[in-house]
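>>> Turn this into a model:
(one chain, ligands or ions: 2)
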Amino acid sequence: MPIRYLTADEVRDAERASGDLLTGGVLMRRAAHGVAQVIAAELNRTGGCYGRSVGVVVGAGDNGGDALFAGAELCRRGVRVDAVLLAADRAHSAGLAAFRAAGGRTGERLPDALDVIVDGVVGLGGRGPLRTKAAEIFAGVDSETVVVAVDLPSGVDADTGEVHDPAVRADLTVTFGVRRRAHLLAAPQCGRVVLVDIGLDDVLPETGRGGAPTLSSLSDDEIDWPTPDPGDDKYTQGVVGIIAGSHRYPGAAVLATGAAVTATSGMTRFVGSAHAEVVARWPEVVATPDLADAGRVQAWVLGPGMGTDDAAAATLRTVLGTDLPVLADADALTLIARDPGLVDGRTSPTLLTPHAGEFARLTGTELGADRLAAVAGLAARWSVTVLLKGRITLVADPTGHVLGNDAGSSWAATAGAGDVLSGIAGALLAAGRSPRIAGAAAARVHARAAELASGGAPIGASALLSGLRPAIREFTTRSARTRVDTAPSAR
Ligand SMILES: NC(=O)C1=CN([C@@H]2O[C@H](COP(=O)(O)OP(=O)(O)OC[C@H]3O[C@@H](n4cnc5c(N)ncnc54)[C@H](O)[C@@H]3O)[C@@H](O)[C@H]2O)[C@@H](O)CC1
Ligand SMILES: [K+]
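Numbering: from 1, shown residues only. Ligands and ions are numbered 1, 2, ... in the order given. Here you go, the predicted structure:
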């Protein structure tokens, strides 16, 4: 099942639909209990709860209520809990009463040495940046203190994931019932996200009503990597054709083609003036300088390093004129920005893979804070699938379904990494995956490859490529295991 990320309004609809659970305060009690349990587990991991020190920063709404009830529960476990009430006259009254009754203290400042600080400033109701008093408190926290956000790090927009300045940067975020969009769109700001069940499963709304974009991410089990069947040969698994690089700049050609060779078990073709360089590095590739001699493919990748001259434009026009799946990247995007009619309304599967700068060129405006709306908007306007690169990759299809992937680190922000991504996604397109799944699965293994290759050190794109096979193996062995586990009994 894909993992869903809802807007604040959708979450509120679900809470309202829970009826008595909401009005009776049960949802808040469950939420607060979840927060307390996560913090207790964190303290237990590092020596236990008794005698430890937790600070709670409490805003005026229900987010502060969650934090106060959680604080009360921690007090009962022997933790010293201090709270700063940012708006004392508007603090959640039942939460504050419970907190005080359990022995929690309130004051103008928190103790210096805290094991954990809890951000209960704002959650779904937050607007704009962290205000001065809260900002000062969080700025003064030392690096040893674990920052736990209730629902969302304050200062992060729940729907767009925009990280205002200042905002809380959490090590851990505890959320309730269903993930919010910001948990993916601003993943680095949230740290580890823990989802607490508060009984909303039966009332979660259908998303995407009225054509509004939806956001989800693929679970690991859904990365169904193509593997050859017993009857397959080199032609039947989907042949990908790469058009990239140039004699003068062969690097993009070698990287994109190498990624396709690594991601595919059938055959990879190459077209371009760097054909000799490509074959020298990847002898298994069937390469030619001319598109007319290329042979049959099931998908094309074109753009990385291919230039933007008339010949490149003519090649692009020919390839887009076929009914094959096409991935356009880099220089192909520059050409498309000049003439959107090339792809606008193309009926065969089409995947554009811009980074932020290329995206601005395609649309004529800077990307802005709402990346999700921007990418979904372009995909709908041109009826193509758009993969927006970045630490959080977003892949939007024309119907407004967006898949996101957090790379987990930014080591892949290196020259040539995009060429590698295009080769992987092209291989998946040739194997028959939809542009949306091809893009999202490629982003996932690309990120994993970077992680494996880096191990915490800088990497170049060649090293990233070397991490690709072990990364793919993790997903193919997982699905092989699933097949064995679900095989019918032989008896
Ligand atoms: N409705 C429910 O029963 C549940 C709600 N829950 C909690 O309730 C939260 C939502 O509560 P609310 O709707 O009361 O909203 P919040 O508590 O998120 O924030 C609303 C308050 O914060 C103020 N505010 C907005 N932006 C601010 C900023 N930048 N700096 C300082 N103050 C700011 C507003 O004026 C308002 O008083 C969720 O995030 C979640 O933590 C959970 O307890 C689960 C159940
Ligand atoms: K918060």
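
>>> contacting residues around the nearest residue to residue 32 once chain neighbours are set aside?
Leaving aside its chain neighbours, residue 32 sits nearest to residue 69 (3.3 Å; criterion: C-beta to C-beta, 6 or more residues apart in numbering). All C-beta spots, glycine's among them, are computed from the backbone N, C-alpha and C. Going by C-beta atoms under 8 Å, 6 or more residues apart in numbering, residue 69 touches 28, 29, 32, 33, 36, 95, 98, 99.

>>> State the three-state secondary structure for the fourth one.
So the one you mean is residue 33. Secondary structure, DSSP: H, G, I helix; E, B strand; the rest coil: residue 33 is helix.

>>> Could I get the pLDDT score of it?
pLDDT for residue 33: 98.

>>> Tell me if I'm right that it and residue 73 touch.
Yes - using C-beta atoms under 8 Å, residue 33 is in contact with residue 73, at 6.5 Å.

>>> More neighbours: which of the two?
More crowded of residue 33 and residue 73, by other C-beta atoms under 10 Å: residue 73, with 21 against 16.

>>> The more buried one sits in which helix or strand?
For residue 73, the host element (DSSP states H and E) is helix 62-76.

>>> Show me what the next helix or strand after that helix pairs with in its sheet, parallel or antiparallel.
Later in the chain than helix 62-76, the nearest helix or strand by DSSP H and E is strand 80-85. Partners of strand 80-85 in the sheet, by DSSP bridges, are strand 53-58 (parallel), strand 105-107 (parallel).

>>> Of those strands, which is nearest ligand 1?
The closest of those to ligand 1 is strand 53-58. By C-beta to the nearest ligand atom, the value is 9.6 Å.

>>> what's the average pLDDT for the closest one?
Here the average pLDDT along strand 53-58 is 98.

>>> at contact distance from ligand 1, anything in that strand?
No - applying C-beta under 6 Å from any ligand atom, one finds strand 53-58 separated from ligand 1 by no less than 9.6 Å.

>>> circling back to that earlier point, turn the strands paired with strand 80-85 into TSV, columns for distance to residue 345 and mean neighbour count.
Compiled in TSV, those are given as follows (distance: least, C-beta to C-beta, whole Å; neighbours: other C-beta atoms under 10 Å):
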stretch	distance to residue 345	mean neighbour count
strand 53-58	51	26
strand 105-107	61	14
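
>>> Output those as JSON lines; include the columns distance to residue 215.
Formatted as JSON lines, those follow (distance: least, C-beta to C-beta, whole Å):
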{"stretch": "strand 53-58", "distance to residue 215": "28"}
{"stretch": "strand 105-107", "distance to residue 215": "38"}
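
>>> Using the record's domain definitions, break this protein down for me.
By the assignment in automatic domain parsing, the chain contains the domains 3-207, 220-483.

>>> Looking at these, which is nearest to residue 213?
With C-beta to C-beta as the criterion, residue 213 lies closest to domain 220-483 of those, at 3.9 Å.

>>> Report the rounded mean pLDDT for that closest one.
If you average the pLDDT over domain 220-483, you get 94.

>>> Centre of the chain to it, how far?
Using C-alpha atoms, centre = their mean, to the nearest Å, the mean C-alpha position of domain 220-483 is found 17 Å from that of the whole chain.

>>> Quick check: phi and psi on the closest residue in space to residue 52 that isn't next to it in sequence?
Nearest residue to residue 52, sequence neighbours excluded (C-beta to C-beta, 6+ apart): residue 115, at 4.6 Å. When quoted as degrees, to the nearest 10, the phi and psi of residue 115 stand at phi -80, psi -40.

>>> Would you agree residue 30 falls within a helix?
Yes - using three-state DSSP, the assignment for residue 30 is a helix.

>>> That one against residue 176, yeah?
Yes - shown here, residue 30 and residue 176 form a contact pair, counting by C-beta under 8 Å, at 7.5 Å.

>>> what residues are shared contacts of those two?
196, 198.

>>> same for the helix or strand that contains residue 452, what does it pack against?
According to DSSP H and E, residue 452 maps onto helix 435-454. Packing partners of helix 435-454 (3 or more C-beta pairs under 8 Å, 6 or more residues apart in numbering; DSSP states H and E): strand 350-352, strand 385-388, strand 392-396, strand 401-406, helix 417-430, helix 461-466, helix 468-485.

>>> From residue 220, how far out is the most centrally placed residue in the chain?
Note on the chain: the residue nearest the mean C-alpha position is residue 405, at 2.5 Å, using C-alpha atoms, centre = their mean. Distance of residue 405 to residue 220, given as C-beta to C-beta, to the nearest Å: 11 Å.

>>> One more: residue 140?
39 Å.

>>> now do residue 91
Taking C-beta to C-beta, one finds residue 91 at 41 Å from residue 220.

>>> With residue 29 instead?
Per C-beta to C-beta, residue 29 is found 33 Å from residue 220.

>>> More neighbours: which of the two?
Neighbour totals were compared for residue 29 and residue 220, and residue 29 leads with 18 against 11 (other C-beta under 10 Å).
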